[in-house]
Every structure is written in C-alpha cells, then in structure tokens.
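K.L.:
one predicted model, sequence on top.
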Amino acid sequence: MLDFLELEETVGRAWHRFIGNTGTWRRYPEQAVKLADMMPMLAICFRGHGGEAAVQIVPARGRTSGHRLKWRQKMGLGEEKLVQPGRDHASLMLPGEIDIFPDRNLNIDLYFWLVAYMATMPLDPAAETDPLQSDLAYLSRAQETVAEVFQRFPGMRHKYCHLAEAVLVERQRGSLPSVEQHVENRVLRLLRKAAGQPDATLPVIFPHRAPPGYLPLLPVPLWPDTLLRPETATERDDDVAATGTASSQIAETERHIAVRENPENRKGDRSPFILNRFEKILAMAEMVNVDRPSDDSDDHDNKAAQDLDEMTLGERKGRPSARFRFDLDLPPEAVDPTPLTAELTYPEWNYRTSSYLKDHCRVLAGPASGVEDRAELTPETRSLIRRVRRQFEVLRPRNEILRAQIDGADLDLDAVVRARTDLAAGGQGSDRIHLMSRPQVHDLAVTILVDVSLSTDAWSDNRRVLDVEKEALLILAHGLSACGDNHSILTFTSRRRDWVKVESVKAFDEPMSALVESRIAALKPGYYTRIGAAIRHATAELQKQPNRKKLLLVLTDGKPNDVDHYEGRFALEDSRKAVTEARRSGISAFAVTVDREARSYVPAMFGQNGYAVVGNIARLPAALPAIYRSLAG
C-alpha cells in the first residue's frame, strides 16, 4: 500500500509505462514463428525457387534504422534497431522470429515470401550515396523484384496480397516532413496496389538531392535489401585468427558487422584517457585508446561484437588479449590469385568468377609422424571391434563355383548325369561336365579422410570429439582389415592456402598393425578445415589404385574454413566442386559428420544422398562401420 511513497520506484514504473514499449512495429508474441522451426522447409523452398545451393540461411542481426522516430521514441530510445531481412552472395539473413502480424499464418507466409523474394532479387547493392535517391532506388528495385516474383511464381501473388494488406494495417507513421511524406506515400501506393485497395495520392517529382534534415524511410519487412559485406585484408594476424576456433566451428551464428578503421587510434603512447561524464561510457560504441591492462577477460567480447552496428579498429603497441574474430565472406579483391610453387599444388574454385585459381593450395603430404602407446581399450570397445570384424568378414571375397564348364578340376555330377541321359535317349550329350572355382570379385579401394582441425578438441555429450573419432577410426580399420578391402587412412588440417597438411595414418600397401593403432592413438587437434584441397589430394591418391571401384569417405565435425578467405560460401562452393571432380573421375564420395547443424550446409557439398549425420557422437563408433557396409555392400 505504501509503495507510492518510494518516489524513485514510482517514477520509474510510470516512466516505463510511458515510453517502455515504443517500437515502431507492434509485436504479437503469442503468434510468433521461429526461424529454427522453419529452417528445413525454407532451405528447400529457396533452392526450389532457383536459389544457389551453397547459400546458407542465418539469423539476421538487429541494425540501427535511421528512420524518423516519434517524440516518445526519441525520449525512450534515441535510435531504433530493426531486424531487417537481407542477403548477400553467401547468406540469406532472415529474422530469428517473426511476430509482427496478429495472425500466425501471416507470419509463416512472410517467411516463405522472403525466401521467394531473395531467390529472385538482384545481388548488386545500389550505388546511390544520397539518402533520398537511395530510398527511391530501394523502392524501384522492390517494385521490379515483386513483379519478377509474380512472373516466375504466380502462386506467390495471393500470399503477397494478404501480406501487403496486413502491413498497411500495422504501418502507422504519423506526421512527416514534406519530402519524407512523399516517399512514404510511394511506399503506401505500392502496398495498396498489391492489396487491391484504391489510392488517392498523386505522383510527385522528387528533388535530385535530399533536403537538409532528411531521414531514410522505415524499411518494409516485405522487401529485403541487398547487403554488401565490407572489404578486408587478405592476411589476418595468425594468433588472432586461431583464437576461439574450436568453439566457433561447432555452433556459430553468422555475423555481419560493419568495420572501419579510425586513424585517431593509431597511437603508440599509453597516456591515460579520462571521460568527464560517466554517463557517456555506457553509450560509447567506438574503441578509444584507453590505457588498460593487456590481460582483460575475453568472455564477453563475442556478445559485445554482436551488439555493435559498426566496429572501429585502431592500432596500438602491445598485444591486448581481448580480440574479436570476424566471420566475414571476403570480396574477390581479397583473394590472392598468385600461384604457388611446390611439389604438390592443387587449384581452388572461385565461385565469384566461375574459374579455378591455378596452383592455389600447397599440400604437405607425408606419413603420420606421431606415435603413441594405445590406451587400454574398454570392454565395450573390444566387444564392438570383435562384432565389426565378424560382420566385415562376410564381405571378404570367397571362391564361387561355376557349373557346366568345358574344363575344370572336378566333375559336375549333375551335368554328367544329364549328358549320359541325353545320349541314352538318342540325343546329343554335352561336353560341359566340369566344375571351375574362382574368387568372387570385390574390387574396391577406400580412402578414409579424417578432419583433425582444432574444432575436434571440443567436447560434445561429455566426450572429446577427436577421442570419439579415434575410437571409430580404430574400429573401422579393424573391420576393413577383416574384409580385405584395399584401404588407406588420411588426416588433414590447414593454416592458410600454403599449409594444408595431409598425413597418412595407414597407406594402401600397409597391413593393419600395432604401428597403425599407435598412429591413430597419437592424433592431435590441428588448425583449420580446408577440405577442398584435402579432397583433391585424396582423389589423386585414389586414382593411382588399380581397383575398379573407389570410395572416398570423409569424416568431419564442422564447416570448411581457414584463416584467410576460405570460409562461408567460398569454402562451400570449393568443397562442392572438389566432390564433383572426384565423382566425375569415377570415385564415390560420402561424408559422415557429427555436427548436428550439418543439414544446413553439407547437402550443398555432397548432395542430398551423399552424407550421414550422427547427431549423438557416442554412436559414431558403431554407426561408422554400419555406414561403410551399406556403401560397400
């Protein structure tokens, strides 16, 4: 009853009620639809609408919108962040949740419309620098893209009409300056036309430049924009790039952060910097050259990076431990096309130019040097090895008996009786009365290519990924030895294009032995996953084998990436091209992954039927031999 006497609490609650919920778009949480639930269907629809296979669907980040705010919004927010859909050459950025319509079906339809729109929209960002002309270009492109969607997919017209009608109800802008109001009228005219509603506004002639004080229009959720990822240098600091790789490869959300360099921060001195207003500290988003220790905690810099719209980079002496790792897909200028000179070099596919980068990767191939005493196997592992060996022994080639042959070591009694009967009946007897024995044909060569990047040092389901991979590899190797298939085991890791290390744990002409087991036990986490070069090298080694059938089995735990430009769509496209090259040369390629999120990118590399996901990593030792038997049987 006496709460009102607490003046600070009373005023705070009143202030929150007054300006606490002042977002431009109303929210209907009870009708919300989450991107995670829609992801499989949206991926299929995007590719069905003609979208590129290697483009990934990722959650969009909130971006500061420069549109004019109402006075309550100015008091409470100062600026408004909107999760606006968009796309670039590598990613489809969709809202992680849509709840702007009071009807759940409309929120679902918006996801499907955005996918169809993004599969059709042009990918070259508008070159306009003037804010007014940029808004007009955005509207013109939206009008053209909507017409293109209707032409290619007539069934989307009905959904769009209902969505446009719903947006008209939710879009309440209030009073605007003259030019901004004319731009808003053009937005409403396009929406009303789509919704089949009359429009009384007249077209106007816009000035060539934005008047002073002009602010951009409020983005329309039906019309995504093309985003341009910032250029960045090809070479990154090795230590910065290596930090945090293990955790980021297992579960990581695509981030698109604008980056610029502040020349004012190129200071070598460590003079203290004092802020006279402590309130400003909470509002500053730029990096200032503050004198601080070099061992700050790194725990929250990932969260801090995602909260920034623009990140300012400076240069200083010393090496502070707080670092940011950017997940950027680099522009063509950032890919160094200079060929390498080495004993083993392989090309790399640049999807942007639809051409190969000749001699782009250097592979360092050799036998595995590490040897370690094998740990004592658990009773479960020993039992599984024995069971797998028995199962694989069934696949071992056996002699088959050919009956009714002209020549052979034994007589075919059935054929002899038949021939004598024919002669006794006055017919003509056959001279095919022998049995011939010959081995069955199981002419198969297999290479198991194992990813030992730094991400395998991570833990999943209370077990280290690499330890489970080693156990599965040991069991499968014993099975292959039991069935007699010609096989080899290779591991790979990378650190830039000039250091792709591929080691041979077991060669084709090497028997399964204690030495091979000790090499498997000695496997250690490496660096990155430049899988395209590794697949090309394994393909070249497989082609040297005389066997009629060849199989490449890739065991990995995450997306392909490296410290330079090799990540995002570039890495997926190059990996897909390497798999295609292997299959064209007559080699079957199949991937086994323990990444639960692999269905969002592995189909783009190996095809819909070219992979298996083992979501529970503890099942890998038993699942891997079963997968192999289904492939080789």
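P.N.:
Sure thing, it's come through. Residues are numbered from 1 along each chain as shown.
K.L.:
what residues sit buried inside the helix or strand hosting residue 553?
P.N.:
Using DSSP states H and E, residue 553 falls within strand 549-556. Neighbour counts using 16 or more other Cβ atoms under 10 Å place 549-556 of strand 549-556 among the buried residues. (Each C-beta comes from the backbone N, C-alpha and C, glycine too.)
K.L.:
format those residues as CSV; extra columns: pLDDT.
P.N.:
Supplementary listing: those in CSV, determined by pLDDT from 0 to 100:
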residue, pLDDT
549, 90
550, 93
551, 94
552, 95
553, 94
554, 95
555, 94
556, 93
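K.L.:
list of residues touching the strand holding residue 553?
P.N.:
Strand 549-556 is contacted from outside by 443-451, 469, 472-473, 529, 531, 535, 538-539, 542-543, 582, 586-593, 595, 606, 624, 628, 631-632, using Cβ atoms under 8 Å, 6 or more residues apart in numbering.
K.L.:
now stretch 600-607
P.N.:
Under Cβ under 8 Å, 6+ apart, the answer for stretch 600-607 is 39, 43, 53-54, 56-57, 531, 554, 559-560, 572, 575-576, 579, 589-591, 593, 595, 610-611, 613.
K.L.:
sheet partners, orientation included, of the longest strand anywhere in the chain?
P.N.:
Identified as the longest strand of the chain according to DSSP state E is strand 355-367. Strand 355-367 has its sheet partners listed here by DSSP bridges as strand 345-350 (antiparallel), strand 500-506 (parallel).
K.L.:
of all these, which one is nearest residue 426?
P.N.:
strand 500-506 (64.3 Å; Cβ to Cβ).
K.L.:
list the buried residues for that closest one?
P.N.:
Applying 16+ other Cβ under 10 Å to strand 500-506 flags 500-506 as buried.
K.L.:
which element follows it toward the C-terminus?
P.N.:
By DSSP H and E, the next helix or strand past strand 500-506 is helix 514-521.
K.L.:
quick check: next helix or strand after that next one?
P.N.:
Assigned by DSSP H and E, the successor of helix 514-521 is helix 531-543.
K.L.:
just the C-alpha atoms of that following helix, please, in PDB.
P.N.:
Provided in PDB are the C-alpha atoms of helix 531-543 (Å, rounded to 0.1, in the frame of the first residue of the first chain):
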ATOM      1  CA  ILE A 531      38.600 -29.600 -47.100                       C
ATOM      2  CA  GLY A 532      38.700 -28.800 -50.900                       C
ATOM      3  CA  ALA A 533      42.400 -29.200 -51.200                       C
ATOM      4  CA  ALA A 534      42.400 -32.300 -48.900                       C
ATOM      5  CA  ILE A 535      39.700 -34.000 -51.100                       C
ATOM      6  CA  ARG A 536      41.600 -33.200 -54.300                       C
ATOM      7  CA  HIS A 537      44.800 -34.800 -52.800                       C
ATOM      8  CA  ALA A 538      42.900 -37.900 -51.600                       C
ATOM      9  CA  THR A 539      41.300 -38.200 -55.100                       C
ATOM     10  CA  ALA A 540      44.600 -38.100 -56.800                       C
ATOM     11  CA  GLU A 541      45.900 -40.800 -54.500                       C
ATOM     12  CA  LEU A 542      42.800 -43.000 -55.000                       C
ATOM     13  CA  GLN A 543      43.200 -42.700 -58.800                       C
END
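K.L.:
show me what it is packed against.
P.N.:
Helix 531-543 is packed against strand 345-350, strand 355-367, strand 444-451, strand 486-494, strand 500-506, strand 549-556, helix 568-584, strand 587-593, with contacts defined by 3 or more Cβ pairs under 8 Å, 6 or more residues apart in numbering; DSSP states H and E.
K.L.:
now with 6 Å?
P.N.:
strand 355-367, strand 444-451, strand 500-506, helix 568-584 (3 or more Cβ pairs under 6 Å, 6 or more residues apart in numbering; DSSP states H and E).
K.L.:
can you give me the neighbour number for residue 433?
P.N.:
22 (other Cβ atoms under 10 Å).
K.L.:
what is the distance between the strand holding residue 553 and the centre of its chain?
P.N.:
21 Å (Cα atoms, centre = their mean, to the nearest Å).
K.L.:
send over that strand as PDB, restricted to the C-alpha atoms.
P.N.:
Taking C-alpha atoms only, strand 549-556 is exported to PDB below (Å, rounded to 0.1, in the frame of the first residue of the first chain):
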ATOM      1  CA  LYS A 549      35.600 -49.300 -57.700                       C
ATOM      2  CA  LYS A 550      36.800 -46.500 -55.400                       C
ATOM      3  CA  LEU A 551      35.300 -44.800 -52.400                       C
ATOM      4  CA  LEU A 552      36.200 -41.600 -50.500                       C
ATOM      5  CA  LEU A 553      34.800 -41.500 -47.000                       C
ATOM      6  CA  VAL A 554      35.100 -38.100 -45.300                       C
ATOM      7  CA  LEU A 555      34.800 -37.900 -41.500                       C
ATOM      8  CA  THR A 556      34.400 -34.300 -40.300                       C
END
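K.L.:
coming back round to it: so which bits of the longest strand of the chain are buried?
P.N.:
Here strand 355-367 shows 357, 359-363, 365 as buried, counting by 16+ other Cβ under 10 Å.
K.L.:
quick one: that strand to helix 568-584, angle?
P.N.:
70 degrees (axes from the mean of the first three to the mean of the last three Cα atoms, to 10 degrees).
K.L.:
show residues contacting strand 355-367.
P.N.:
With contact meaning Cβ atoms under 6 Å, 6 or more residues apart in numbering, strand 355-367 is reached by 337, 339-340, 342, 344-350, 497-498, 500-502, 504, 533, 537.
K.L.:
now stretch 382-389
P.N.:
For stretch 382-389, the surrounding residues in contact (Cβ under 6 Å, 6+ apart) are 475, 478-479, 482, 625.
K.L.:
SS state for the residue lying closest to residue 45 once chain neighbours are set aside?
P.N.:
With sequence-adjacent residues excluded and distances taken as Cβ to Cβ, 6 or more residues apart in numbering, residue 45 is closest to residue 115, at 5.0 Å. Remark: residue 115 carries the secondary structure label helix [criterion: DSSP: H, G, I helix; E, B strand; the rest coil].
K.L.:
hang on, the earlier thing: show the buried residues in the contacts of strand 549-556.
P.N.:
444-451, 469, 472-473, 529, 531, 535, 538-539, 542, 582, 587-593, 595, 606, 624, 628, 632.
K.L.:
now residue 32: how far from residue 103?
P.N.:
12 Å (Cβ to Cβ, to the nearest Å).
K.L.:
do residue 137 as well
P.N.:
Counting by Cβ to Cβ, the gap from residue 137 to residue 103 is 32 Å.
K.L.:
please say which of these two ends up with more neighbours.
P.N.:
residue 137 (15 against 12).
K.L.:
for the more buried one, what are its contacts?
P.N.:
Residues near residue 137 by Cβ under 6 Å, 6+ apart: 126, 128.
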